[in-house]
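In: Sequence first, predicted coordinates after that:
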Amino acid sequence: MSQLKRKQYEALLEPMQVELANAARWLQHSGRRLVVLFEGRDTAGKGGAINAIHEHLNPRQCRVVALPKPTEREAGQWYFQRYIAQLPAAGEITLFDRSWYNRAGVEKVMGFASDAQVAAFLRATPQFERQLVDDGILLFKYWLAVDQARQEERFAERAEEPLKSWKLSPIDLKAREKYADYTTAREAMFKATHTTDAPWTLVDFNDQRRGRLTLIRDLLDRLPDTQVPLETFGLPPLKGKPLKEKYGALKPIPPFPI
């Protein structure tokens, strides 16, 4: 299947983003809470998929959570504790760029968690997620898949492109040799945590644009289809002529020369 061209992708994405805005309005009106987890291999395209969803949503309502390495204090807490603090309140959306599943993925594969810790996590997670769903949270879990050859192309692009170099870390470089290990860890994770309450959805992201459309369409189709009328605001004419800026204590810096 050929890679989707940008113009066609943008034409297909725009109406979906309108639907996302409608869904966000319904969440705000109903007080429901939405959590979407984005997991997958390095370079799969989690950031791009998240951006396509939240790009035109109110940032006060829709938050992206990408937690750094745990602090010393967080490392001594219940494992799920720092993630619970990021869950949405009524009417809000939280998009997790990696989530509590770090324990079953990178921590497992790279040796940051013991076998006992991983096993305990896999036992506890279905119960934890059932509590979230039982409390009314709409929980969706996506895993973004990419072949190793395509992954290598994207790693090379990150290494050569200054604007993307921040995405490449020493852990990424070590993880390149563990593609099969990540597959094994993923399958064990799916077996333990793919439940009726919180099922996984696997999306092919070898073509990132097509993958974003596939993921967003799936998400929209699984959300309640409830329409809330769009509130409109009239703009009466100003009472006088529009005013120009006036400066006193400070003046603007010189404009950029072109």
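Out: That came in fine, so what should we check first?

In: Give the closest residue to residue 144 in space, chain neighbours not counted.
Out: residue 40 (3.1 Å; Cβ to Cβ, 6 or more residues apart in numbering). No exception for glycine: its C-beta is placed from N, CA and C like everyone else's.

In: wait, that neighbour sits on residue 182?
Out: No: counting by Cβ atoms under 8 Å, residue 40 sits too far from residue 182 to count as a contact (9.6 Å).

In: burial count for the residue nearest to residue 144?
Out: Neighbourhood size, residue 40 [other Cβ atoms under 10 Å]: 23.

In: Check residue 104 too.
Out: 23.

In: Repeat that for residue 50.
Out: Residue 50: 21 neighbours (other Cβ under 10 Å).

In: mind checking the SS state of it?
Out: Classification of residue 50 using DSSP: H, G, I helix; E, B strand; the rest coil returns helix.

In: dump the residue contacts of the closest residue to it other than its chain neighbours.
Out: Closest residue to residue 50 apart from its sequence neighbours, by Cβ to Cβ, 6+ apart: residue 95 at 5.1 Å. Residue 95 makes contact with 36, 38, 50, 53, 54, 62, 63, 64, 65, according to Cβ atoms under 8 Å, 6 or more residues apart in numbering.

In: So residue 95: helix, strand or coil?
Out: Following three-state DSSP, the label given to residue 95 is strand.

In: Distance of it relative to residue 209?
Out: From residue 95 across to residue 209, the span is 19 Å (Cβ to Cβ, to the nearest Å).

In: Same check on residue 222?
Out: Counting by Cβ to Cβ, the gap from residue 222 to residue 209 is 21 Å.

In: So between the two, which is more surrounded?
Out: A side-by-side neighbour count of residue 222 and residue 209, using other Cβ under 10 Å, places residue 209 first with 20 against 12.

In: The more buried one in helix, strand or coil?
Out: Per three-state DSSP, residue 209 ends up helix.

In: so what pLDDT did the residue nearest to residue 144 get?
Out: At residue 40, the predicted lDDT confidence score is 97.

In: just residue 175 next, same as before
Out: Looking at residue 175, the pLDDT reads 84.

In: which stretches of the stretch 51-200 of the chain form helices?
Out: Using DSSP state H, counting those that start in this stretch, the helices of the stretch 51-200 of the chain run over 72-75, 81-84, 106-109, 115-134, 148-160, 170-175, 179-193.

In: Deepest-packed of those, please.
Out: Among those, ranked by average contacts under mean count of other Cβ atoms under 10 Å, first place goes to helix 106-109 (a mean of 22).

In: how near is the residue nearest to residue 50 to residue 254?
Out: Applying Cβ to Cβ to residue 95 and residue 254 gives a distance of 39 Å.

In: Check residue 66 too.
Out: Using Cβ to Cβ, residue 66 is found at 37 Å from residue 254.

In: Likewise for residue 70?
Out: To residue 254, residue 70 is 46 Å away according to Cβ to Cβ.

In: Could you check which of the two is surrounded by more residues?
Out: Neighbour count, other Cβ under 10 Å: between residue 70 and residue 254, residue 70 has more, with 15 against 6.

In: what does the host helix or strand of residue 221 contact?
Out: Remark: residue 221 resides in helix 208-222, with elements defined by DSSP states H and E. Helix 208-222 is contacted by residues 1, 3-4, 6, 9, 12-13, 16, 19-20, 23, 36, 45, 48-49, 52-53, 140, 142, 144, 201, 203-205 when judged by Cβ under 8 Å, 6+ apart.

In: and those, which of them are in helices?
Out: Using DSSP state H, the members of those that fall in helices are 6, 9, 12, 13, 16, 19, 20, 23, 48, 49, 52, 53.
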